[in-house]
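Visitor: A predicted structure for the sequence below; I have some questions about it.
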Amino acid sequence: METVTLIEAHLQDCQGIEPALRSKAEARFVKELQRQFPSEQALVEAWEAWSSAAEGADEISPGQEQLARSWLKAFERARFAGFRDIAVEEAFFEVKLH
């Protein structure tokens, strides 16, 4: 049985944006993030490696470091896609995996 991970992206610190525009931006972000990985499992592994590194894990393996870097690269591309057509200064995407 395959487990499905729900990926949520929430646009934060973006007051005054129309709800429809916010939803489109969040959907573009998630779609681009998913597109950056060959599978859902690869996305989850990259996120977990990044989370470990960001939380100050004492040691991470070279493989985990590579995965964490792939998350950062994918996140940046997704962020760029999400902010397309939106002029904001302080906004950011918060990502949750379930």
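Guide: Looks like it came in fine. Residues are numbered from 1 along each chain as shown.
Visitor: from now on I want contacts and neighbour counts done on CA atoms only, so please keep to that.
Guide: Fine.
Visitor: distance of residue 95 from residue 82?
Guide: Distance, residue 95 to residue 82, using Cα to Cα, to the nearest Å: 12 Å.
Visitor: do the same with residue 40
Guide: Counting by Cα to Cα - residue 40 and residue 82 are separated by 19 Å.
Visitor: which one of those two is surrounded by more residues?
Guide: A side-by-side neighbour count of residue 40 and residue 82, using other Cα atoms under 10 Å, places residue 82 first with 26 against 16.
Visitor: is it correct that the more buried one is in contact with residue 29?
Guide: Yes. The pair residue 82 and residue 29 passes the contact test of Cα atoms under 8 Å, sitting 4.4 Å apart.
Visitor: what strand or helix carries the most centrally placed residue in the chain?
Guide: For the chain, residue 75 is the residue whose C-alpha lies nearest the centre (Cα atoms, centre = their mean; 4.6 Å). Secondary structure assigned from DSSP states H and E places residue 75 in helix 62-82.
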